[in-house]
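J.: compute the structure for the input listed below.
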Amino acid sequence: MNLKKLFGKRLRELRIQKGLKQHELAALTDYEPNSIGQIEGGHKAVSFKALELFAEKLEVSYYELFDFEKVNTEKSLTNSILREIEGLNKKDLEFILKYIKDFKKFIQ
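T.: Predicted structure coming up:
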């Protein structure tokens, strides 16, 4: 995988960990939402100025922007799941909880 794709994947992961949508990160950084999508997709390179801005707005170090080993960690996946179920009604949450419990029994 090339550097642009790795960086884009990592940027997406950090954005999701912060609970931001693409358009929200775009607003924080004065980028167009489709530019964020192009960067995350590995189709667009970024400048050093952009790296500084992303690190600042995502509250991470420069190193963390390039820590490709952390992509899809257990914690980030758990946070992604929590964000996906946020706002669901009680009935849906109860269904999901039952499904998770059944699934855990199945895999054990």
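J.: okay, and for the chain, where does confidence drop off?
T.: 1, 70-73, 75-76 (pLDDT under 70).
J.: please enumerate the helices of it.
T.: 3-17, 22-29, 33-40, 48-58, 62-65, 74-85, 90-107 (DSSP state H).
J.: pipe these into a markdown table and attach mean neighbour count per row.
T.: (Glycine included, C-beta is placed from N, CA and C.) As requested, the helices of the chain are exported to a markdown table (neighbours: other CB atoms under 10 Å):
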| stretch | mean neighbour count |
| --- | --- |
| helix 3-17 | 18 |
| helix 22-29 | 17 |
| helix 33-40 | 18 |
| helix 48-58 | 15 |
| helix 62-65 | 13 |
| helix 74-85 | 12 |
| helix 90-107 | 10 |
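J.: list the contacts for residue 36?
T.: 15, 22-23, 25-26, 29 (CB atoms under 8 Å, 6 or more residues apart in numbering).
J.: and which of those residues is nearest to residue 86?
T.: Nearest to residue 86 among the contacts of residue 36: residue 15, at 15.7 Å, using CB to CB.
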